[in-house]
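Colleague: with the input below, show me the fold.
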Amino acid sequence: MTNARQAMSKNSTAGIHDEWLNYHHLHYFWRIAREGSLSRAARSLRLTHSTLSTQLKSLEDFLGAPLFERQGRRLALTPFGTDVASRSEEIFRAGREIVDLARGRGEGRRAELRVGALPALPKTVVCRLLEPALAVGSHRLGAMRHDSIERLVEDLVAGKLHLVLTDAPAPPSRSHKAFSHLLGESDVLLYGTASLARRWRKGFPSSLDGAPLLLPSAGTSLRRLVDRWLVDRGIRVEIEGEFEDAAMMRAFGLRGRGLFPVRAALQAELDDRDDVVRIGALRGLHERYYAVTVDRRVRHPAVAALIEAARENLVSKLG
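Modeller: Alright, predicted model coming up:
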């Protein structure tokens, strides 16, 4: 009986150890996910393409599911691969912190928050949304990237970013999972110089027919909202400029090149100026703001603080 128990114990222990993850293989996978291709990861790791491919295959065989899939010439994460990449980022970040602690570099070191934001979002909105996050545990801004939502979400699921700030939910994808957390919404107002206001303010909004407008670039969330608002009211305008950057659009507006939309969350920045006048509110039009993460239940303390603060009172905090 004793021998039988010992044998069972030995087999049980062996089974447990058989399930230990090979962290070298996991590290290779994580680097491939971060680099976006086998070739770039192989160069950075100073390994041959075939060696890295073999190590990746070993990890997929052990886990019992594919981590990547081919999409044309691109290597895209599968939904399972997205989850593994997110957890791998946490594992290797913790590993770096342990080494820093052992080397005496961890004392007083501030945690990083890596953020992506759409170029169309006003920089003031982004800064004020981030204030509560950076106050948690004295986080510092480790990276601030502006790019398309598709590229930003790719970096997010690869572990390069902690969150993405956007004005629309992340587009659905078969290759990865990203969760859009609604932060709140803002009305949209129309502003212009005093001379333009005298011409187009009376009888607003029907007075806008034929008015010169400066608008966000086609395809952006705010542009779609404004276009729909105008169509619904049968208003035709003259588009004098289209801008990816909200600050540039405002700069041209302040020089009298056309009327321009402003989020109500930022109206305090313009209402005190003498060189610009509020034409009116685009009633029924609301722009929403989202924080996109790889977790349905947000675990990062700074990101959680940002979401909570924004939901409490988005407009008053931004304005």
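Colleague: so in this structure, which strand runs the longest?
Modeller: strand 277-293 (DSSP state E).
Colleague: list the strands paired with it, with their directions.
Modeller: As defined by DSSP bridges, the strand partners of strand 277-293 come to strand 163-166 (antiparallel), strand 179-192 (antiparallel).
Colleague: which residues touch Lys160?
Modeller: Arg34, Arg114, Ala143 (CB atoms under 8 Å, 6 or more residues apart in numbering). The way it works is simple: take the backbone N, C-alpha and C, and place the C-beta from them, glycine included.
Colleague: one more: Pro132?
Modeller: Contact analysis of Pro132 by CB under 8 Å, 6+ apart lists Ala305, Leu306, Glu308, Ala309, Ala310.
Colleague: go through the strands paired with strand 277-293 and pick out the most buried.
Modeller: Stretch with highest mean neighbour count among the strands paired with strand 277-293: strand 163-166 (a mean of 24; mean count of other CB atoms under 10 Å).
Colleague: who wins for neighbours among the contacts of Pro132?
Modeller: Ranked by neighbour count (other CB atoms under 10 Å), the contacts of Pro132 have Leu306 at the top, with 28 neighbours.
Colleague: nearest to Asp274, of the strands paired with strand 277-293?
Modeller: Closest of those to Asp274 is strand 179-192, at 12.9 Å (criterion: CB to CB).
Colleague: please compute how far that closest one lies from its chain's middle.
Modeller: The chain centroid and the centroid of strand 179-192 are separated by 16 Å under CA atoms, centre = their mean, to the nearest Å.
Colleague: could you give the average pLDDT over it?
Modeller: The average of the pLDDT scores along strand 179-192 is 92.
Colleague: flag every buried residue along the helix or strand just after it.
Modeller: Using DSSP states H and E, the helix or strand that follows strand 179-192 towards the C-terminus is helix 194-200. Buried residues in helix 194-200, counted by 16 or more other CB atoms under 10 Å: Leu196, Ala197, Trp200.
Colleague: name the residues that touch helix 194-200?
Modeller: Contacts for helix 194-200 (CB under 8 Å, 6+ apart): Gly192, Ser207, Leu208, Ala211, Pro212, Gly256, Gly258, Leu259, Asp275, Val276, Val277, Ile279.
Colleague: so what's Leu52 closest to, chain neighbours aside?
Modeller: With CB to CB, 6 or more residues apart in numbering as the criterion, Leu52 has its nearest non-adjacent residue at 4.7 Å, and that residue is Ala42.
Colleague: the one you found and Thr48, how far apart?
Modeller: 6 Å (CB to CB, to the nearest Å).
Colleague: who has more neighbours, those two?
Modeller: Neighbours were counted for Ala42 and for Thr48 using other CB under 10 Å; Ala42 has more, 20 against 10.
Colleague: so the more buried one sits in a strand?
Modeller: No: counting by DSSP: H, G, I helix; E, B strand; the rest coil, Ala42 is not part of a strand but helix.
Colleague: quick one: the residue nearest to Leu52 from Gly234, how far?
Modeller: In terms of CB to CB, Ala42 sits 59 Å off from Gly234.
Colleague: and for Ala65?
Modeller: According to CB to CB, Ala65 and Gly234 sit 54 Å apart.
Colleague: show me which of the two is the more surrounded one.
Modeller: Ala65 (12 against 8).
Colleague: give me the neighbour count for Arg96.
Modeller: Arg96 has 11 nearby residues by other CB under 10 Å.
Colleague: go on, Ala94?
Modeller: Counted with other CB under 10 Å, Ala94 comes out at 10.
Colleague: again, but for the one 5 residues further on
Modeller: Using other CB under 10 Å, the number of residues around Val99 comes to 11.
Colleague: one more: the one 3 residues further on?
Modeller: Neighbour count for Ala102, taken as other CB under 10 Å: 9.
Colleague: ok, it to His24 distance?
Modeller: From Ala102 to His24 the distance is 20 Å (CB to CB).
Colleague: now do the strands in this protein.
Modeller: 68-71, 74-77, 112-117, 140-146, 163-166, 179-192, 212-216, 238-243, 260-263, 277-293.
Colleague: any chance of the buried residues of helix 194-200 in a markdown table, plus pLDDT and distance to Leu129?
Modeller: Below are those laid out as a markdown table (pLDDT from 0 to 100; distance: CB to CB, whole Å):
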| residue | pLDDT | distance to Leu129 |
| --- | --- | --- |
| Leu196 | 95 | 30 |
| Ala197 | 93 | 30 |
| Trp200 | 94 | 32 |
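Colleague: nearest to Phe252, of the residues you listed?
Modeller: Leu196 (12.1 Å).
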